[in-house]
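# Structure, please.
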Amino acid sequence: MSLSNPGPGLGGSWAWNLGLSASLSAEPPSMRLKARPGSPGFSVLTCSAFSFYPPELQLRFLRNGMAAGSGEGDIGPNGDGSFHAWSSLTVNSGDEHHYCCVVQHAGLAQPLTVELESPAKSSVPVVGIVIGFLLLMTVAAGGALLWRRTRKGLPAPWISFRGDDVGALLPTPGLSKEAES
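Predicted coordinates for the structure are as follows:
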C-alpha cells in the first residue's frame with residue numbers, strides 16, 4: 001500500500017497545510033507489527049508506522065518472503081508535523097508468524113522488515129501480585145478492627161458467649177472498675 005498526500009482536496013502535502021517548511025529533514029518511521037483475533041479461524045495483522053516525515057510511505061506484507069498484499073490502511077497527521085500510518089491484512093489463524101511487514105520511506109536507507117511481536121508475557125505473575133496485595137490489605141484491615149475493638153475493652157469477635165458466661169466476662173453497665181473492687 002502506497003500512502004502519500006493524505007486526504008482528498010487538501011492541495012499539497014500535509015506539511016504545507018500545517019504551515020511547516022519544506023526544508024524539514026526526512027524522519028524514519030518507528031514500526032510495529034501486531035496480530036489480534038479476527039473472524040473465527042482468522043487473525044488480523046496490523047503493521048503500524050509512527051512519527052515519520054515526509055508522508056510518502058509504502059507498507060506491504062510478505063508471507064515467507066513472497067508478496068502477500070498490502071491490506072487496507074490509512075495515513076494521518078500527528079500534532080507535531082509528523083505522520084502515522086497503518087495497514088491491516090486478514091490471515092488464517094496460526095499462520096501469523098509466517099508474515100512480516102516491509103516499509104519503504106525516504107528516511108530509511110533501505111526497506112525495513114518488521115517481524116511479528118512475540119505475544120505478551122503471561123499475566124499470571126501480575127494477577128498473583130494483585131491477589132496477594134488484596135489479601136494483605138484485608139488482613140491488615142481485619143487486624144486494625146480487632147485492635148480497635150480490644151482497645152475499647154470488647155472481646156474478640158470470634159469469642160462467643162453462652163448463657164451465664166456473658167455476665168462474668170462483661171462489665172456491669174453503670175459500674176466503674178473501682179466500684180467493682
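# Dig out what Cys100 forms beta bridges with.
Beta-bridge partners for Cys100, by DSSP bridges, are Leu62, Glu115.
# ok, it - contacts?
Applying CB atoms under 8 Å, 6 or more residues apart in numbering, one finds that Cys100 lies in contact with 33, 61-62, 113-116. All C-beta spots, glycine's among them, are computed from the backbone N, C-alpha and C.
# if I look at it, how far off is Val114?
Cys100 sits 6 Å away from Val114, going by CB to CB, to the nearest Å.
# could you flag which of the contacts of Cys100 are buried?
Among these, those buried by neighbour count (16 or more other CB atoms under 10 Å) are 33, 61, 114, 116.
# The second one: what's it in contact with?
Think Phe61. Going by CB under 8 Å, 6+ apart, Phe61 touches 45, 47, 67-71, 87, 89, 99-102.
# Kindly reformat those residues as a markdown table containing pLDDT.
Formatted as a markdown table, the contacts of Phe61 follow (pLDDT from 0 to 100):
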| residue | pLDDT |
| --- | --- |
| Leu45 | 94 |
| Cys47 | 94 |
| Ala67 | 92 |
| Ala68 | 90 |
| Gly69 | 76 |
| Ser70 | 74 |
| Gly71 | 80 |
| Ser87 | 94 |
| Leu89 | 94 |
| Tyr99 | 94 |
| Cys100 | 94 |
| Cys101 | 94 |
| Val102 | 94 |
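# I only care about the residues you listed that end up buried; give me the PyMOL line for that.
In PyMOL syntax, the buried subset of those is picked out as below (16+ other CB under 10 Å):
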select buried, resi 45+47+68+70+71+87+89+99+100+101+102
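# ok, back up a step: shared neighbours of Cys100 and Val114, anything?
Leu33.
# Nearest to Gly153, out of the buried ones among the contacts of Cys100: which one, please.
Within the buried ones among the contacts of Cys100, distances to Gly153 taken as CB to CB reach their minimum at Leu116, with 66.1 Å.
# so who does the closest one touch?
Listed by CB under 8 Å, 6+ apart, the contact partners of Leu116 are 33-35, 45, 96-97, 99-100.
# 6 Å instead?
Going by CB atoms under 6 Å, 6 or more residues apart in numbering, Leu116 touches 33, 35, 96-97.
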